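Engineer: Coordinates for the following, if possible.
(one chain, ligands or ions: 1)
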Amino acid sequence: MVVGAGHAGLAMSHCLSDRSIDHVVLERGEVAHTWRTERWDSLRLLTPNWQSRLPGFGYTGDDPDGYRTMPEVIGFIERYAQAISAPLRTHTTVTSIRSAESGYLVRTDQGDWQCRALVLASGACNIARIPAFARLLPPSITTLTAQDYRNPDQLPEGGVLVVGASASGTQIAHEIQRSGRPVILSVGEHIRAPRVYRGKDLEWWMDAAGVLDERYDEVDDIVRARRVPSMQLGGSPERATFDLNALMSIGVKIVGRLAGIRDGQAQFSGSLRNKCELADLKLGRLLDTIDEWALSSGIDDAVPPPHRFAPTAVPEPPKLGLNLSNGAIKTVVWASGFRPDYSWLDVDVLDSKGMVRHDGGVVESPGMYLIGAPFLRRRKSSFIDGGREDAEYLIRELAAFLDQQAAGNSS
Ligand SMILES: Cc1cc2nc3c(=O)[nH]c(=O)nc-3n(C[C@H](O)[C@H](O)[C@H](O)COP(=O)(O)OP(=O)(O)OC[C@H]3O[C@@H](n4cnc5c(N)ncnc54)[C@H](O)[C@@H]3O)c2cc1C
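Structural biologist: You can find the predicted model right below:
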C-alpha cells in the first residue's frame with residue numbers, strides 16, 4: 001500500500017510494478033494534489049527542468065534549463081502516473097493506519113484495506129508551521145500562510161509583514177513588493193544562494209559537484225541537516241536571484257526573526273546581523289566547494305573565473321519592534337516552514353516532534369517505509385530529483401522484507 005500520489009508515491013509505484021509486486025496507491029485528491037491546491041499562482045520550480053528525473057521518466061522538452069510552472073509540474077506528474085499505469089485510488093483519504101496480525105490495517109473514507117507492507121508518501125509539507133503567539137496578532141490584520149497565498153490581489157492594500165526568508169518567503173516578498181505593497185521581511189536562519197554562478201545554474205553546480213548526493217549517514221548531525229531551511233532560490237524566466245540584497249534593492253525592508261507579539265507590537269530578535277553573516281559564510285563555503293570541483297574536474301577553464309558576492313547589506317541599527325496596530329501593516333504572511341501530518345498514523349513510529357522515526361527511509365515498524373522526506377537518504381531527497389534513488393533503494397528493502405515473510409510462512 002502506498003499512501004500519496006505525489007511524485008514520490010508514484011516513483012515507488014513504478015519500482016513495485018517493476019518487481020511485479022501487487023500494490024495500490026491511495027490518494028485523497030487527484031494525482032499531484034498538493035501542487036494543484038497548495039501553491040501560489042506564479043510559482044515555478046526552483047529546480048531546472050532537467051533536474052526532475054524520476055525512475056523511467058525525465059524531461060524531454062527543448063528547454064532543459066527552464067523552470068516549470070505549476071500547470072507544467074502537474075502535467076509532468078500526471079503523465080508519469082499514466083506512463084507507469086499506476087494502480088491509483090484517487091479521492092480516497094486514509095483516516096487511520098494500525099498494526100494488524102500480518103501487516104497493517106488501513107482505514108479510508110472509501111473502506112478498509114489490509115496490506116503486508118506500507119509506504120508513507122504523504123508529503124513533508126502538509127501543514128504550515130505558525131508560531132503559537134500568532135494568536136496575539138491584532139484582529140484587524142489579515143493572515144495567510146504560504147499554502148493559502150495565491151497572488152497579491154488577495155491582499156488588502158497596505159503594508160505586509162512576511163515571516164520567513166527561505167524559498168517561499170523570499171519569492172512571496174518579492175512578488176508582493178512588486179505589487180506596490182510595502183513589504184517587511186522577517187529573517188531568521190536562512191540559506192543564501194545566487195541563481196547563477198560562473199555562468200551556470202547553482203543547481204547544476206551542486207548536482208555536478210556531488211553536493212546534492214551527500215548521504216544521510218555521512219553528515220555530522222542528520223537531525224539538524226533535516227531541519228535546514230530551503231535555499232533562497234526561485235525559478236524565474238530571467239533567472240533572477242532572490243537573496244536579501246536583491247530584495248532590498250527593490251525596496252523590501254528586512255528585520256530579524258519574529259520572536260513574539262506583545263501589546264500589538266511585533267518583537268524581532270537582534271540576531272539579524274549574525275544570521276546574515278552566517279549565511280554569507282556558508283555561501284562562501286559552498287562556492288569554495290564548487291570552485292575546487294571545477295578545478296579537479298577539469299572544467300575550470302571552460303567557465304568564467306571564480307568570484308564572490310557582496311556581503312548582505314544588513315541595516316543598522318536593526319529594527320527590533322514594529323507597531324501592528326496603527327494600520328500600516330494590513331497583512332501577515334506566514335512563510336515559516338511546513339511539517340508533515342501523520343495524525344492518521346496509529347502506529348508507534350513518531351518522535352516527540354511528530355516526525356517518523358526511520359533509518360534512511362526504513363521505518364521502525366516491520367514492512368513500513370517512508371519516502372519524500374527532507375534528507376531521507378541524500379541531500380536531494382526533498383527534491384523531485386531525489387525520488388528516483390530513494391525509491392530504488394527502498395524497493396530493495398521492501399522486496400527483501402516480503403521475501404523473508406514469504407519464506408517464513410512457507411517454512
Ligand atoms: C512551495 C514548495 C516549492 C517546492 N519547490 C520545489 C522545486 O522547485 N523542486 C523540487 O524538486 N521540489 C520542490 N518542492 C519540494 C517538493 O514539493 C516535495 O519534495 C514534494 O512535494 C514531496 O513529494 P511527495 O510526493 O513526497 O509529496 P506530495 O507531492 O505532497 O504528495 C503527497 C500526496 O499524499 C496525499 N496525501 C496526504 N495525506 C493523505 C491521506 N491521509 N490519505 C491519502 N492521501 C494523502 C496528498 O494529497 C498528496 O497528493 C517544493 C515544495 C514546496 C512546499
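Engineer: tell me the contacts of whatever residue of the stretch 201-350 of the chain ends up closest to the ligand?
Structural biologist: For the stretch 201-350 of the chain and the ligand, the shortest gap (CB to the nearest ligand atom) falls at Trp344, measuring 5.2 Å. Yep, even glycine has a C-beta here, placed from its N, CA and C like the rest. By CB atoms under 8 Å, 6 or more residues apart in numbering, Trp344 lies in contact with Val94, Thr95, Ser96, Ile97.
Engineer: Quickly note the distance from the second one to the ligand.
Structural biologist: To tie it back to what came earlier, the one meant is Thr95. With distances taken as CB to the nearest ligand atom, to the nearest Å, Thr95 is found 7 Å from the ligand.
Engineer: State the phi and psi torsions of Val94.
Structural biologist: Main-chain torsions, Val94, degrees, to the nearest 10: phi -70, psi 120.
Engineer: show me the contacts for it.
Structural biologist: Counting by CB under 8 Å, 6+ apart, Val94 makes contact with Val3, Leu26, Arg28, Val106, Arg107, Thr108, Ser122, Trp344.
Engineer: do Ile329 as well
Structural biologist: Residues in contact with Ile329, defined by CB under 8 Å, 6+ apart, are Ile141, Gly158, Gly159, Val160, Leu161, Ile184, Leu322, Asn323.
Engineer: Could you find the closest non-adjacent residue to Pro374?
Structural biologist: Among residues not flanking Pro374 along the chain, Ser382 sits closest, at 4.3 Å (CB to CB, 6 or more residues apart in numbering).
Engineer: list the contacts for the one you found?
Structural biologist: Listed by CB under 8 Å, 6+ apart, the contact set of Ser382 reads Ala124, Ser230, Gly372, Ala373, Pro374, Phe375, Leu376.
Engineer: Ok, Leu258 next?
Structural biologist: Leu258 makes contact with Pro131, Leu161, Val163, Ser186, Ala266, Gln267, Phe268, Ser269, according to CB under 8 Å, 6+ apart.
Engineer: tell me which strands and helices the helix or strand in which the second one is found is in contact with?
Structural biologist: Leu161 is located in strand 159-163, with elements delineated by DSSP states H and E. Based on contacts counted as 3 or more CB pairs under 8 Å, 6 or more residues apart in numbering; DSSP states H and E, the elements that strand 159-163 packs against are helix 167-178, strand 183-186, strand 329-334.
Engineer: Can you add distance to the ligand and mean pLDDT and give the ones you listed back as TSV?
Structural biologist: Output for the helices and strands packed on strand 159-163, formatted as TSV (distance: least, CB to the nearest ligand atom, whole Å; pLDDT from 0 to 100):
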stretch	distance to the ligand	mean pLDDT
helix 167-178	5	98
strand 183-186	17	98
strand 329-334	13	98
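Engineer: Could you export those to a markdown table, including columns for distance to Asp62?
Structural biologist: Converted to a markdown table, the helices and strands packed on strand 159-163 look like this (distance: least, CB to CB, whole Å):
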| stretch | distance to Asp62 |
| --- | --- |
| helix 167-178 | 26 |
| strand 183-186 | 36 |
| strand 329-334 | 36 |
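Engineer: Find me the pLDDT at Leu278, would you?
Structural biologist: The score at Leu278 is 98. That number is its pLDDT.
Engineer: Check whether it sits in a helix, strand or coil.
Structural biologist: helix (DSSP: H, G, I helix; E, B strand; the rest coil).
Engineer: Over to the one 3 residues further on?
Structural biologist: Classification of Leu281 using three-state DSSP returns helix.
Engineer: where's it relative to Asp288, distance?
Structural biologist: Between Leu281 and Asp288 the computed distance is 11 Å (CB to CB, to the nearest Å).
Engineer: Just to check, Asp390 is in contact with Ser381?
Structural biologist: Yes - applying CB atoms under 8 Å, one finds Asp390 in contact with Ser381, separated by 5.6 Å.
Engineer: which residues are common contacts for those two?
Structural biologist: Counting by CB under 8 Å, 6+ apart, the contacts common to Asp390 and Ser381 are Gly372.
Engineer: any idea what sits nearest His33, other than its immediate chain neighbours?
Structural biologist: Counting by CB to CB, 6+ apart, Glu27 is the residue found nearest to His33 once chain neighbours are left out, at 6.4 Å.
Engineer: Can you get me a residue count around the residue of the stretch 251-400 of the chain found nearest the ligand?
Structural biologist: Closest residue of the stretch 251-400 of the chain to the ligand, CB to the nearest ligand atom: Gly372 (2.2 Å). A count of nearby residues for Gly372, using other CB atoms under 10 Å, gives 28.
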